[in-house]
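[1] structure for this input, please:
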Amino acid sequence: MTADRKLPWDWYSGIVPENVLLDPTAYLETTYSFVMFRSQQTNALEVGRGTSLYLGVMFDFGERARMKIGSYVLMNGARIICDSEISIGNYCLISWNVVLMDTYRVPSDPTQRRNELQKVPNRSPRRACAEVAAQAIHIGENVWIGFDSCILPGVTIGKGAVVGARSVVTSDVPPYSIVAGNPARIIREIEPDGTARPVQTG
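    Numbering: from 1, shown residues only. Model prediction:
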């Protein structure tokens, strides 16, 4: 990153926001990742040592959003929707098209949702941003989240866990477990030597 917070290799003419702390050894492919970044928090985004954020990673942050990404994280094309807090531990792999969302941004009540959508055309940029509760997401160390998965508000994923591709995670994931499905459920447990064994049922 240059002194004026640009990326020498960037195809987009943006800058890294002042409240983003990017470790000198981290890699950010493009500042286009911040097109929807609106956080006013100090140190709103911290990116750790050796972390790589590739094309398609988008930080859709509200004004009070804060996120910390640990060291040696690899993230490809993920969409981060944050109005409160998201943390990702060291050595995590976040695959293509993963969505991490600590908020739904629209009310669940259909009448209120309709009213919110009627306001969108009068905003610039056009966006839904109703005052709805946000719940922090915490992802432990050495977690692997498979492609097209969605992690919903309030979820904690324990250390060493794996989320199967195209899963929707609605509740906490225990450490060293493999979950999959919609909604995601535990299908395997990971032994200390790295082997997976089926979950005992009944």
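
[2] how near is Gln112 to Met101?
    The spacing between Gln112 and Met101, counted by CB to CB, to the nearest Å, is 19 Å. Quick note: C-beta positions are derived from backbone N, CA and C, even for glycine.

[3] and Gly181, by the same measure?
    In terms of CB to CB, Gly181 sits 18 Å off from Met101.

[4] so between the two, which is more surrounded?
    Set Gly181 next to Met101 and count neighbours by other CB atoms under 10 Å: Met101 wins out with 21 against 13.

[5] contacting residues for Val57?
    Contacts for Val57 (CB atoms under 8 Å, 6 or more residues apart in numbering) come out as Glu29, Ser33, Met75, Asn76, Gly77, Ala78, Arg79, Ile80.

[6] can we see that at 10 Å?
    28-30, 32-34, 75-80, 94, 98 (CB atoms under 10 Å, 6 or more residues apart in numbering).

[7] out of the helices and strands in the chain, which is least certain?
    strand 196-198 (a mean of 76; mean pLDDT, DSSP states H and E).

[8] check which helices and strands that one sits against.
    Other elements packing on strand 196-198 under the criterion 3 or more CB pairs under 10 Å, 6 or more residues apart in numbering; DSSP states H and E are strand 177-181, strand 184-190.

[9] hmm, 8 Å instead?
    On a contact count with 3 or more CB pairs under 8 Å, 6 or more residues apart in numbering; DSSP states H and E, strand 196-198 meets strand 184-190.

[10] could you give the mean pLDDT of the strand it packs on?
    Per-residue pLDDT over strand 184-190 has a mean of 95.

[11] what packs against it?
    Counting by 3+ CB pairs under 8 Å, 6+ apart, strand 184-190 packs on strand 177-181, strand 196-198.
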